[in-house]
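S.K.: pasting a predicted model and its sequence here:
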Amino acid sequence: MSFLNETHDPSLQSWIESANLPDNGFPVQNLPFGVFRPTGTTEGFRPCVGIGDKVLDLAALSSTNPFQAEAAEALAACMSTTLNRLMALTPAHWSALRLALSRALRKGSDLQKLIEPLLYNQASIDLGLPATISDYTDFYISIHHATAVGRQFRPDNPLLPNYKWIPIGYHGRASTIGVSGQTFPRPIGQTRPVTEGGQPGFGPSTRLDYELELGIFIGQGNEAGKRVPLRQAESCVFGFCVLNDWSARDLQAWEYQPLGPFLAKNFASTISPWVITLDALAPFRTAPARPTGDPQPLPYLDSVGNREYGAFEVELEVLLSTRLSREQEQAPFMLARSNFRDAYWTAAQLVAHHTVNGCSLRPGDLLGTGTLSGPHAGQEGSLLETTQGGKKPVQLPWGEERTFLQDHDEVTLKAFCRKPGYPMISLGACSGRVLPALIDDL
Ligand code: MN
């Protein structure tokens with residue numbers, strides 16, 4: 001089965017020259033969606049598509065009526081402040097809009113004169129939260145993360161018996177999801193008593209961590225009671241973003257039994273402003289990494305297609321800067337690199353599992369993959385793993401060290417797809433900064 005069409009031709013060039021520069025990340029083969037407004041204005045946010053170092057205002061483009069049929073319907077859904085209306089359409093609409101935009105932005109397009117006045121420099125806009133997110137579910141799909149974390153608590157039996165059968169997840173909080181640039185005060189809460197049976201601690205978290213994840217934006221949803229079969233699951237996926245699931249490990253350790261994470265994770269979650277469509281990622285499809293010898297999933301989580309091309313090769317990076325490193329104008333330090341292809345479950349399996357009991361998903365819902373760690377040293381998606389629970393500090397090149405995050409630390413997550421003979425496809429970056437705890441009213 002081929003997922004490729006003329007929009008994936010690696011030789012396509014745009015009449016916007018910055019889109020043709022090597023490794024710019026936003027070539028005409030990408031066409032990521034976001035919402036923007038010019039910096040310094042109070043104009044409403046509106047949908048845009050990223051191209052080179054520019055964005056194209058899709059709401060303004062829609063009022064010129066340049067496209068026909070499904071592409072025109074999809075563009076009309078961009079007369080909005082978020083991407084939810086576009087997400088609520090079908091993959092046929094998303095693909096038609098992608099094809100129309102690809103033709104409009106490539107060299108020789110008749111629409112160049114019409115489109116030029118509707119472009120903005122990315123340097124002079126603000127990007128908003130791309131969708132109204134009603135619900136957020138975070139999964140746990142990296143077996144390497146699950147094993148490394150499990151080993152800290154159960155050295156002899158790190159992986160729980162359900163792991164290879166169920167995509168483990170919990171319901172997160174949508175209200176505190178922010179877009180890249182988010183800042184938040186260090187969370188405060190209860191921590192495990194120092195002596196067993198004693199009174200718990202209370203105060204600012206001292207074991208604040210990041211989690212390197214991708215977010216999956218749900219497109220069209222499903223009615224309550226009607227599950228989405230695996231073979232249709234990708235038709236419910238609009239695209240991917242980068243996600244930092246900030247986690248307070250000390251709060252988590254005390255509260256997580258028996259119902260899972262709660263206040264340890266719902267104080268802030270940060271996503272990148274760009275949503276990269278499944279179409280844009282099609283050249284990077286691959287087989288999931290389930291080792292031979294592992295049990296095959298139950299039939300509702302298994303299909304030939306999913307086994308052959310249900311996963312995606314997406315490179316991931318974590319970078320850290322601190323107040324000191326920024327004062328000294330040092331480059332951020334790369335803490336880890338990993339790859340989405342090493343995950344145990346695919347996006348389609350997450351949708352099929354999430355809905356198997358009749359749970360409804362809605363356009364703009366966000367699924368987190370869980371921390372995407374790889375099998376090797378240097379591929380840890382959290383400080384919990386890098387520092388082995390705080391036992392082995394990371395030495396930073398400017399002379400500081402870290403076990404967990406300090407106030408004013410800034411974490412940037414990046415994701416991109418690369419392969420020989422194809423332009424680099426960026427998923428954008430997601431930065432967030434920790435502010436001091438608010439303790440005046442304690
Ligand atoms: Mn997580």
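M.R.: Everything's here; your move.
S.K.: rest of the way, CA atoms for contacts and neighbours
M.R.: Noted.
S.K.: could you measure from the residue in the chain that the ion sits nearest to over to residue 169?
M.R.: Ranked by CA to the ion, the top residue of the chain for proximity to the ion is residue 370, at 4.2 Å. According to CA to CA, to the nearest Å, residue 370 stands 8 Å off from residue 169.
S.K.: more crowded one of these two?
M.R.: Between residue 370 and residue 169, counted using other CA atoms under 10 Å, the more crowded position is residue 370 (26 against 19).
S.K.: not counting sequence-adjacent ones, nearest residue to the more buried one?
M.R.: residue 140 (4.2 Å; CA to CA, 6 or more residues apart in numbering).
S.K.: might one say that that neighbour is in contact with residue 367?
M.R.: No. Between residue 140 and residue 367 there is no contact under CA atoms under 8 Å: 10.6 Å.
S.K.: these two: which has the busier surroundings?
M.R.: More neighbours surround residue 367 than the other of residue 140 and residue 367, with 27 against 22 (other CA under 10 Å).
S.K.: ok, residue 358 to residue 229 distance?
M.R.: 11 Å.
S.K.: between these two, who's got more neighbours?
M.R.: Set residue 358 next to residue 229 and count neighbours by other CA under 10 Å: residue 229 wins out with 18 against 15.
S.K.: tell me who's in contact with that one.
M.R.: By CA atoms under 8 Å, 6 or more residues apart in numbering, the contact list for residue 229 reads 300, 352, 356.
S.K.: just the buried residues from those, in ChimeraX please.
M.R.: Buried residues among those (16 or more other CA atoms under 10 Å), as a ChimeraX selection:
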select :352,356
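S.K.: can I get the contacts of residue 229 in a markdown table with secondary structure, distance to the ion and pLDDT?
M.R.: Output for the contacts of residue 229, formatted as a markdown table (DSSP: H, G, I helix; E, B strand; the rest coil; distance: CA to the ion, whole Å; pLDDT from 0 to 100):
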| residue | secondary structure | distance to the ion | pLDDT |
| --- | --- | --- | --- |
| 300 | helix | 24 | 98 |
| 352 | helix | 20 | 98 |
| 356 | coil | 22 | 98 |
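S.K.: distance to residue 195 added to the contacts of residue 229, as TSV?
M.R.: Below are the contacts of residue 229 laid out as TSV (distance: CA to CA, whole Å):
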residue	distance to residue 195
300	46
352	44
356	43
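S.K.: picking that back up, who touches both of residue 370 and residue 169?
M.R.: 138, 139, 140.
S.K.: show me what from the stretch 201-350 of the chain comes close to the ion.
M.R.: With the criterion set to CA under 5 Å from the ion, the stretch 201-350 of the chain comes near the ion through residue 245.
S.K.: what about the helices in this protein?
M.R.: Secondary structure of the chain (DSSP state H): helices at 58-62, 69-76, 84-87, 91-105, 112-115, 143-153, 230-233, 249-255, 278-281, 304-309, 323-327, 347-355, 383-386.
S.K.: would you turn these into a markdown table with distance to residue 403?
M.R.: What follows is those, written out as a markdown table (distance: least, CA to CA, whole Å):
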| stretch | distance to residue 403 |
| --- | --- |
| helix 58-62 | 44 |
| helix 69-76 | 47 |
| helix 84-87 | 39 |
| helix 91-105 | 44 |
| helix 112-115 | 50 |
| helix 143-153 | 15 |
| helix 230-233 | 39 |
| helix 249-255 | 12 |
| helix 278-281 | 35 |
| helix 304-309 | 38 |
| helix 323-327 | 16 |
| helix 347-355 | 32 |
| helix 383-386 | 7 |
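S.K.: and those helices: which comes nearest residue 203?
M.R.: Closest to residue 203 of those is helix 249-255 (CA to CA; 9.8 Å).
S.K.: now the residue nearest to residue 370: how far from residue 134?
M.R.: 20 Å.
S.K.: inside strands: which ones of the shared contacts of residue 370 and residue 169?
M.R.: Residues of those located in strands (DSSP state E): 138, 139.
S.K.: so which of the shared contacts of residue 370 and residue 169 also contact the ion?
M.R.: Within these, nothing lies near the ion by CA under 5 Å from the ion.
S.K.: and of the shared contacts of residue 370 and residue 169, the nearest to residue 124?
M.R.: residue 138 (33.0 Å).
S.K.: got the confidence number for residue 155?
M.R.: The per-residue pLDDT reported for residue 155 equals 88.
S.K.: so which elements touch the helix or strand bottoming out on mean pLDDT in the chain?
M.R.: Sorting the helices and strands of the chain by mean pLDDT, DSSP states H and E puts helix 143-153 at the bottom, at a mean of 93. For helix 143-153, the packing partners by 3 or more CA pairs under 8 Å, 6 or more residues apart in numbering; DSSP states H and E come out as helix 383-386.
S.K.: right, I'll leave it there.
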